[in-house]
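**Student:** Pasted the sequence and its predicted model underneath.
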Amino acid sequence: MSIKGKSNIIGVYEHPTRLATDKTVPQLHAESARGAIEDAGITKDDIDGYFCAAGDTPGLGALSMIDYMGLKLKHWDSTDTGGSSYLLQVGHAAEAIAAGKCNIALITLAGRPRAEGMATGTAPRQPSVPFPETSFETPYGPATANMYAMCAMRHMHQYGTTSEQLAWVKVAASHHAQYNEHAMLRDVVTVEEVVNSPMIADPLHRLDCCVISDGGGAIIVARPEIAKSLKRPKVSVIGCGESPKNQYGGKNLDLTYSGAVVSGPLAFAEAGVKPGDIKYASIYDSFTITVVMQIEDLGFCEKGQGGRFVSDGNLISGTGKLPFNTDGGGLCNNHPSNRGGLTKVVEAVRQLRGEAHPAVQVRNCDIALAHGTGGSLGTRHGAATVIMERE
Amino acid sequence: MADRKITAPQPNPETQAYWDAAAEGKLLIKKCNACGEVHFYPRAHCPFCFSDNTAWQQASGAGVVYTYSVMRRAPVPYAIAYVTLAEGPTMMTNIVDCDLDGIKIGQKVKLVFKPSEGGPPVPCFAPV
């Protein structure tokens, strides 16, 4: 069974807050849900499916949030693959709708790591209940930044990728963020400013890292018949792919590629389109290296050529071949709850609707891709790809 | 400079032998008696053929740096790394007892142990 054309994204919302000291996480989930419900032009009672990630929804799986929001459901799923969860959940919602399990599915994300003073990228995290690998990794101080840095270091060694090439990813994001009034970082930066910013974990500099922000977002996926009855532009889900990547027992460990090598081709095959057909791409940008690796793995360029591909403004809307993250992405705009997957879908939908900022709106944007990874590229992660089409 | 404080590993029934050996200065990996593959981190079940007939094997302690990164935003900068053991598997570790700015991918390293905070010592590697 294919999900192609069997569901539409009818509502999206990105919470405008970036610092939520005066709000709770459930409150941010609910405010995000309200925003998407209003965007779609439906009511809460129309929702009969709920999809979230267990890791950012307080309670047992989705149960407490379902109760908090007063949802009456026929179907739900709280699969957690970190920051890519919400991309994966668009696919799961599309599957559930195609299978007749529900008609209108709500997806939410929320969190407040900034208000809580979390050192997201530089403080090693110790799980409260040990994972099977914990004692073989935690003693060595794996934070987030140094794990992605090890991918970058190997990518540079193997393919000749440079810090200046990685910096172009941030430069492009900053060009877009200047137009986003909600973006945390709105100043346009140069390659020199990125490579001269303080080193965090070699070879990643401060400006190679995404922001730490509070907030949230929501997506509503529904049957096409419901989308037709609404007044918003139509965005059809035409292809989805997901894949975990792990360490395979330490055999031939290769940190230069991501799970996108599986999720990307699955999504392209289902959609019946090729990378060259994509007019706009939201690419998870926890770090600059994340973007380079995923662009290669999704087939936008040859493996190892990602550094060259992103250089010289090639990701900047209006001038580059692959306009990306026109909201400023995680690098400049927003990385709510340390999870950037949901906002990737939101900006792709804005582009397909023609509702992105005029300065970054891609002309004739009929097919868009949103992709992310969650967990860590340096250890194990889940990748998810969603391809959408304007009807 | 003082060494970084190392979080104590938590031995469990599946890994007790590994940590007991570490206390004696030995690095163990797991070998599958059914398919012959070695793996890391060690599990009771082989992650390749899923046999539960796995046995401990002592590693030589020789390895090569697959990749690394020096964490600068820490009270004591440290080098996290993946080292590929002579026996095949690649493991997460720290590169220690050296100038952190001199570490290179492909560099030969040898096993050393560093004390943890209240637990067994952990296997690290130093340049040969």
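**Tutor:** In hand now; what should we look at?
**Student:** for A:Met293, what are its contacts?
**Tutor:** Taking CB atoms under 8 Å, 6 or more residues apart in numbering or on different chains, we find A:Met293 in contact with A:Cys151, A:His155, A:Thr256, A:Tyr257, A:Ser258, A:Ala260, A:Gly306, A:Leu377. For every residue, glycine as well, the C-beta is placed using N, CA and C.
**Student:** any idea which element it lies in?
**Tutor:** Using DSSP states H and E, A:Met293 sits in helix A:288-297.
**Student:** what comes up buried for that helix?
**Tutor:** For helix A:288-297, the buried set under the neighbour-count rule, 16 or more other CB atoms under 10 Å in any protein chain shown, comprises A:Thr288, A:Ile289, A:Thr290, A:Val291, A:Val292, A:Met293, A:Gln294, A:Ile295, A:Glu296, A:Asp297.
**Student:** correct me, but the last one touches A:Ala267?
**Tutor:** So the one you mean is A:Asp297. No: applying CB atoms under 8 Å, one finds A:Asp297 not in contact with A:Ala267, separated by 11.9 Å.
**Student:** before we move on, the earlier item: just send the buried residues of helix A:288-297 back as TSV, with pLDDT and distance to A:Gly250 too.
**Tutor:** Listed next are those as TSV, based on pLDDT from 0 to 100; distance: CB to CB, whole Å:
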residue	pLDDT	distance to A:Gly250
A:Thr288	98	27
A:Ile289	98	22
A:Thr290	98	23
A:Val291	98	27
A:Val292	98	25
A:Met293	98	20
A:Gln294	98	24
A:Ile295	98	27
A:Glu296	98	23
A:Asp297	98	21
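**Student:** Among those residues, find me the one that's closest to chain B.
**Tutor:** Closest approach to chain B among these (CB to the nearest CB): A:Ile289, at 11.0 Å.
**Student:** Can you name the residues that contact the nearest residue to B:Ser69 once chain neighbours are set aside?
**Tutor:** Closest residue to B:Ser69 apart from its sequence neighbours, by CB to CB, 6 or more residues apart in numbering or on different chains: A:Ala149 at 3.7 Å. By CB under 8 Å, 6+ apart, the contact list for A:Ala149 reads A:Ile200, A:Ala201, A:Asp202, A:Pro203, A:Leu204, A:Phe287, A:Ile289, A:Gly378, B:Ser69.
**Student:** before we move on, which element is the closest residue to the fifth one other than its chain neighbours in?
**Tutor:** It refers to A:Leu204. Of all residues not flanking A:Leu204 in the chain, A:Ala149 sits nearest, at 4.6 Å (CB to CB, 6+ apart). A:Ala149 is located in helix A:145-159, with elements delineated by DSSP H and E.
**Student:** Close to chain B: what parts of the stretch 101-250 of chain A are there?
**Tutor:** Applying CB under 8 Å from any CB of the partner chain, we find that the stretch 101-250 of chain A lies next to chain B at A:122, A:124, A:126, A:130, A:132-143, A:145-147, A:149-154, A:157, A:198-204, A:247-250.
**Student:** Apply the buried test to those residues and list what passes.
**Tutor:** The neighbour count (16+ other CB under 10 Å) marks A:122, A:124, A:133-143, A:145-147, A:149-154, A:157, A:199-204, A:247, A:249-250 as buried among these.
**Student:** ok, the residue nearest to A:Leu204 to A:Val171 distance?
**Tutor:** From A:Ala149 across to A:Val171, the span is 19 Å (CB to CB, to the nearest Å).
**Student:** cool, and A:Gly70?
**Tutor:** The spacing between A:Gly70 and A:Val171, counted by CB to CB, is 45 Å.
**Student:** Compare these two (neighbour count), which wins?
**Tutor:** Comparing A:Gly70 with A:Val171 by other CB atoms under 10 Å in any protein chain shown, the one with more neighbours is A:Val171, at 25 against 9.
**Student:** Assign a three-state SS to the more buried one, would you?
**Tutor:** Three-state call for A:Val171 (DSSP: H, G, I helix; E, B strand; the rest coil): helix.
**Student:** picking that back up, among the residues of the stretch 101-250 of chain A next to chain B, which are located in strands?
**Tutor:** When DSSP state E is applied, those are split such that A:Met199, A:Ile200, A:Ala201, A:Leu204 fall in strands.
**Student:** those strands in the stretch 201-350 of chain A, which residues are they?
**Tutor:** Using DSSP state E, counting those that start in this stretch, the strands of the stretch 201-350 of chain A run over A:204-205, A:215-222, A:235-245, A:280-283.
**Student:** so which of these comes closest to B:Val128?
**Tutor:** Taking CB to CB, strand A:204-205 is the member of the strands of the stretch 201-350 of chain A nearest to B:Val128, at 27.7 Å.
**Student:** Give me the contacts around that closest one.
**Tutor:** For strand A:204-205, using CB under 8 Å, 6+ apart, the contacting residues are A:145, A:148-149, A:152, A:163, A:166-167, A:194-199, A:287-289, B:69.
**Student:** 7 Å - rerun?
**Tutor:** When contacts are defined by CB atoms under 7 Å, 6 or more residues apart in numbering or on different chains, strand A:204-205 is touched by residues A:Ala145, A:Tyr148, A:Ala149, A:Ala152, A:Val194, A:Val195, A:Ser197, A:Pro198, A:Met199, A:Phe287, A:Ile289.
**Student:** for stretch A:318-332, same thing?
**Tutor:** With CB under 7 Å, 6+ apart as the test, stretch A:318-332 has contacts from A:170, A:172-174, A:176-177, A:180, A:183-185, A:210-211, A:280-283, A:285-286, A:300, A:313-315, A:317, A:333, A:340, A:343, A:347, A:351, A:356, A:360, A:362.
**Student:** Check the separation of the first and last residues in that stretch.
**Tutor:** 19 Å (CA to CA, to the nearest Å).
**Student:** Flag every buried residue along that stretch.
**Tutor:** Going by neighbour count (16+ other CB under 10 Å), the buried part of stretch A:318-332 is A:Gly320, A:Leu322, A:Pro323, A:Phe324, A:Asn325, A:Thr326, A:Asp327, A:Gly328, A:Gly329, A:Gly330, A:Leu331, A:Cys332.
**Student:** hey, where'd the strands end up in chain B?
**Tutor:** B:28-32, B:38-39, B:54-58, B:62-71, B:78-85, B:90-95, B:108-114, B:122-127.
**Student:** Let's have the ones you listed in CSV, adding mean neighbour count and mean pLDDT.
**Tutor:** Converted to CSV, the strands of chain B look like this (neighbours: other CB atoms under 10 Å in any protein chain shown; pLDDT from 0 to 100):
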stretch, mean neighbour count, mean pLDDT
strand B:28-32, 21, 98
strand B:38-39, 22, 98
strand B:54-58, 14, 98
strand B:62-71, 23, 98
strand B:78-85, 24, 98
strand B:90-95, 25, 98
strand B:108-114, 18, 98
strand B:122-127, 22, 98
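**Student:** A:Pro233 is nearest to which of these?
**Tutor:** Of all the strands of chain B, strand B:62-71 comes closest under CB to CB, at 44.1 Å.
**Student:** name the helices or strands packed onto that closest one?
**Tutor:** Identification of packing neighbours for strand B:62-71 by 3 or more CB pairs under 7 Å, 6 or more residues apart in numbering or on different chains; DSSP states H and E yields helix A:145-159, strand A:199-201, strand B:78-85, strand B:90-95, strand B:108-114.
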